[in-house]
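A.B. asks: here are the coordinates; sequence isn't available:
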């Protein structure tokens, strides 16, 4: 992390949001069928230019054009996995960051094999819920399907261990987020209790990490913290105007689109873990 | 049906909604590309845990983890059909209910073949619009694409016949819903005229039947009635606050998330057919 | 174009909207995964009956039932391309219009090959953003991913050239839309600055052109103008009630559903280019 204190991290988040809005980075998102529309709208609201490109025939070629690649295994198939591997390889070869979202990777033998192959291709960031990160670090988790069965707190040691073994930044998102590069760690507070009731919020967040990593590839830790801080502040704004998960989903897009660097700096709640 | 009277059916619906919220059943949804996001949000709003898992490599394995499986042929392909058949077989083998949604099954030779294979695997519940159910019972229907061309009333005899031949509960949804197990039948009133103008409402309802069947597998008739009653009551609540199909779509999610057992019991309009 | 003056074009738009609402044309949409839900809701709001049917096993058969076919290459795959080609061929053979949406066709070798094969099958209408139309006419564009990097004005000469070489109506959509059949051309003003921030708006518009072409296949130029005028007027109505791209997305559906022929005639801003 380029910054040592909480206040400078908050300041840097604001700068990165400004960078995303100005540069409008092209982010290649290979995500699941449930998330594709919502994730694209989240990236557009942040000022990025999302492109959902996954066919094996073009995923690697496109990855060389993109500022970052995000890969989410929510609805895998043999064809899509081929595209994911090609895009991850191309991004790494081109020196671009790619972000891994290991949705329910523990649930079936098929996913366990897929995640192993993807992990070997050096993601810059891994974002998951507590159960996913615990299982990825080899721990027993209470996860069943795509929803978390464990708390973020329970997953912190696993996240640190995974960050060290994978050389990736690891983000565990939940009631309070935890981000670590294996040496440093922060908590990010905020968000909304509606978030787990809106499908694809986590997948969209993975896409947003890609947008921040694209404009700040030299520091994936700070890029990840910045994306999570945006999500948390926009989530608080949206909750204040929502009467349920349906209204929260669209108000979150409005809030993210309206978020400026100054507000983000003032309201981001980042603390050293 | 475990209950003989309308008032006890309404009371039971409330109990089942409470069970869904407490147990948060894992429901494997193999649905079409149009419906995946909305269906997931509907299941989350009811308190269930949806998982969209369809690849042939994992669909059967996952079905053994899930409380129920729902299968919708809205956007079929050879790969997905293989996954559907594997999941349906696994659910039946494990004694878990699976729900069939035969979207536009009459429209092409490809769909007619697919639906025949699926029907042979003993769905616990079949839910469709009037045209779909009539065609499934071998009658001539006015359906063209995915929208109904016939009224629910016209489809009632077909539904009863189909329930008897398939040993499944059959639900015909429309202006007034009709549910039968071949011996008993009820009508469920309510809902909203906006519903046919929001894509994937029916597909999402199929998912919700899965959630109720997962917590009450011993009585698919009551589970189906309960899911439909939730939908109808939430639809009425949402309509009162909507100015068109766009606002109805999200307000329906809010209304379903806010629905409690007591309100459902008081407002469900279930009558013996 | 059957009409020579702007006022008669506006009047005709109103008539065509009435026709769509009365005839409820069946429109086969082969679109991308991001757009499928939103496009279906847009078509329903206009009164059409959308059907997302793309499998190679049924796409051609279904195209013979549909009033029009729309094809969007946003998320291509070998299987889907096969379905697209079958549907386009079947539509042309049956004398039905089909609409081409060449999303980011310049971005990869795979897309360039796909678009070449589709263009050879005689689309009635081609709709794209400025960068897509410029690239399709063989010009250098500033497009990177799916978002436009050029203005509509810069693409007008390319659109005219493309209309002449392809014998298709060409629509370039953006801040001010431009539509030409190679001999005549109009500008359509209106819409909203939120539109580029909502994913799949353009893809949904392509679907809507299909609905209008289905009820007025004898004049694809007027059908295209009418669909674009609906979009622009509904967009202005929606913007007045929106606080960001999230609320705009659903209010646009409400506004389109509420739009009547009289309002469209009065507010459409169509001018000879």
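C.D. replies: Sure thing, it's come through. Here the structure is a predicted model, which means the values were calculated and not measured.

A.B. asks: quick one: pLDDT of residue A:59?
C.D. replies: As predicted, residue A:59 sits at a pLDDT of 98.

A.B. asks: my bad, should have said residue A:8
C.D. replies: In this model, residue A:8 is scored at 84, pLDDT.

A.B. asks: Report all helices and strands that whichever strand or helix holds it contacts.
C.D. replies: Assigned by DSSP states H and E, residue A:8 falls within helix A:6-23. If you count contacts as 3 or more Cβ pairs under 8 Å, 6 or more residues apart in numbering or on different chains; DSSP states H and E, helix A:6-23 packs onto helix A:36-46, helix A:201-215, helix A:220-239, helix A:261-267, strand A:269-272. Backbone N, C-alpha and C define where each C-beta goes, glycine included.

A.B. asks: Downstream of it, the next helix or strand is which one?
C.D. replies: Counting by DSSP H and E, what follows helix A:6-23 is strand A:26-30.

A.B. asks: ok so, going back, deepest in the core, which of the helices and strands packed on helix A:6-23 is it.
C.D. replies: Among the helices and strands packed on helix A:6-23, helix A:201-215 has the highest mean neighbour count (mean count of other Cβ atoms under 10 Å in any protein chain shown), at a mean of 29.

A.B. asks: tell me the angle of that one relative to helix A:220-239?
C.D. replies: On the basis of axes from the mean of the first three to the mean of the last three Cα atoms, to 10 degrees, helix A:201-215 is oriented at 130 degrees to helix A:220-239.

A.B. asks: So what's the gap between helix A:201-215 and the chain middle?
C.D. replies: 5 Å (Cα atoms, centre = their mean, to the nearest Å).

A.B. asks: Can I get the helices and strands packed on helix A:6-23 in a markdown table including distance to residue C:251 and mean pLDDT?
C.D. replies: A markdown table is the format used below for these (distance: least, Cβ to Cβ, whole Å; pLDDT from 0 to 100):
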| stretch | distance to residue C:251 | mean pLDDT |
| --- | --- | --- |
| helix A:36-46 | 14 | 98 |
| helix A:201-215 | 21 | 98 |
| helix A:220-239 | 17 | 98 |
| helix A:261-267 | 24 | 97 |
| strand A:269-272 | 32 | 94 |
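
A.B. asks: my guess is residue A:34 is in a strand, correct?
C.D. replies: No - according to DSSP: H, G, I helix; E, B strand; the rest coil, residue A:34 belongs to no strand; its state is coil.

A.B. asks: Distance check, the closest residue to residue A:271 other than its chain neighbours against residue C:260.
C.D. replies: Excluding the flanking residues, the one nearest residue A:271 by Cβ to Cβ, 6 or more residues apart in numbering or on different chains is residue A:187, at 5.1 Å. From residue A:187 over to residue C:260 the distance is 54 Å, taken as Cβ to Cβ, to the nearest Å.

A.B. asks: Residue A:208 too?
C.D. replies: 40 Å.

A.B. asks: do the same with residue A:25
C.D. replies: Relative to residue C:260, and taking Cβ to Cβ, residue A:25 is found at 42 Å.

A.B. asks: Does residue A:24 touch residue A:48 like I think?
C.D. replies: Yes - proximity of residue A:24 to residue A:48 meets the contact threshold set by Cβ atoms under 8 Å, at 6.1 Å.

A.B. asks: Settle it for me: which of the two has more neighbours?
C.D. replies: residue A:48 (28 against 22; other Cβ atoms under 10 Å in any protein chain shown).

A.B. asks: How about that one, nearest residue that isn't a chain neighbour?
C.D. replies: Counting by Cβ to Cβ, 6+ apart, the residue nearest residue A:48 is residue A:211, at 3.8 Å.
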